[in-house]
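**Q** sharing a model that was predicted from the sequence below.
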Amino acid sequence: QVQLVESGGGLVQAGGSLRLSCAASGRTFSSYAMGWFRQAPGKERSFVGAINWNGGSTSYADSVKGRFTISRDNAKNTVYLQMNSLKPEDTAVYYCAAKFGAYNYMGQGKTYDYWGQGTQVTVSS
């Protein structure tokens, strides 16, 4: 069992930055690939980005490439989402998720095993 707790959300002006954190419980954090998803009001949940078990591979949605960066610290059981040059359309609840095993199909939410409760990010124009 893995529990995920996101933090770092808040209100920021367009062009600003935020760093989200996702702290995981358990001793097997490094066994999991991690993903970030978001859900805006009235929209379906969408993939933001993912990182493999050791940080050697990352992938991003086209909408955030070049602006968002995912990293992880396995010693701290934490994955991060650095968000720069934020836009109003980035406003959403952001969720982290853990996927045991291979780093594939990371863009598909159904492949993940555990989810956090989400943290709100609001970008004002």
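**A** Received the coordinates, thanks. Keep in mind the model is a prediction, meaning the values are calculated, not measured.
**Q** name the nearest residue to the most centrally placed residue in the chain, sequence neighbours excluded.
**A** With distances taken as Cα atoms, centre = their mean, Trp36 lies nearest the centre of the chain, 2.4 Å away. Nearest residue to Trp36 in three dimensions, chain neighbours excluded: Val48, at 4.1 Å (Cβ to Cβ, 6 or more residues apart in numbering). The way it works is simple: take the backbone N, C-alpha and C, and place the C-beta from them, glycine included.
**Q** report how many residues lie close to that neighbour.
**A** By other Cβ atoms under 10 Å, 25 other residues sit near Val48.
**Q** just the pLDDT at it, thanks.
**A** The confidence metric pLDDT takes the value 98 at Val48.
**Q** what of Ser7?
**A** Reported pLDDT at Ser7 in the predicted model: 98.
**Q** name the nearest residue to it, sequence neighbours excluded.
**A** Per Cβ to Cβ, 6+ apart, closest to Ser7 is Ser21, 5.1 Å.
**Q** residue contacts, that neighbour?
**A** Each residue near Ser21 by Cβ atoms under 8 Å, 6 or more residues apart in numbering is listed here: 6-8, 78-80.
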